[in-house]
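Engineer: Need coordinates for the following:
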Amino acid sequence: MTSPTKLAVSIDEAAAMIGVNPRTIRRYIAAGHLAAFRLPSGRALRVPVSAIESLVNSGTAGGTSK
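Structural biologist: A predicted model of the protein is given here:
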């Protein structure tokens, strides 16, 4: 049996996926560059994997540019 694919991940998991600090993920969310939603508890944030893929494909995420 295969494990189900996650549709959304935590801030830490999102950061690990694209190689940035979790604080950077929070900045992307605050700036509107990355979609996120709160769990019913109202505290934890989750980031849709599709939003991470879109961010990476746009060239905005990770690395440095000069």
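
Engineer: Against S41, how distant is the residue nearest in space to the middle of the chain?
Structural biologist: By Cα atoms, centre = their mean, the chain has its centre lying nearest to A14, at 3.9 Å. Distance from A14 to S41, counting by Cβ to Cβ, to the nearest Å: 18 Å. No exception for glycine: its C-beta is placed from N, CA and C like everyone else's.

Engineer: which SS state does T5 fall under?
Structural biologist: coil (DSSP: H, G, I helix; E, B strand; the rest coil).

Engineer: give the contact list for the closest residue to it other than its chain neighbours.
Structural biologist: Using Cβ to Cβ, 6 or more residues apart in numbering and skipping residues adjacent in sequence, the residue nearest T5 is V49, 7.8 Å away. By Cβ atoms under 8 Å, 6 or more residues apart in numbering, the residues touching V49 are T5, K6, L7, A8, V9.

Engineer: Give me the buried entries from the residues you listed.
Structural biologist: A8, V9 (16 or more other Cβ atoms under 10 Å).

Engineer: Let me have the contacts of V49 in JSON lines, extended by pLDDT and distance to S54.
Structural biologist: Shown next, in JSON lines, are the contacts of V49 (pLDDT from 0 to 100; distance: Cβ to Cβ, whole Å):
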{"residue": "T5", "pLDDT": "84", "distance to S54": "16"}
{"residue": "K6", "pLDDT": "88", "distance to S54": "16"}
{"residue": "L7", "pLDDT": "95", "distance to S54": "14"}
{"residue": "A8", "pLDDT": "96", "distance to S54": "14"}
{"residue": "V9", "pLDDT": "97", "distance to S54": "14"}
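
Engineer: between the contacts of V49, which is nearest A36?
Structural biologist: Of all the contacts of V49, A36 sits closest to A8, with 8.5 Å by Cβ to Cβ.

Engineer: For that closest one, which non-adjacent residue is closest in space?
Structural biologist: Nearest to A8 is R46, by Cβ to Cβ, 6+ apart, at 4.0 Å.

Engineer: Tell me how far the one you found lies from G59.
Structural biologist: 24 Å.

Engineer: And for E53?
Structural biologist: Noted for E53: a distance of 12 Å to G59, by Cβ to Cβ.

Engineer: Thanks a lot, catch you later.
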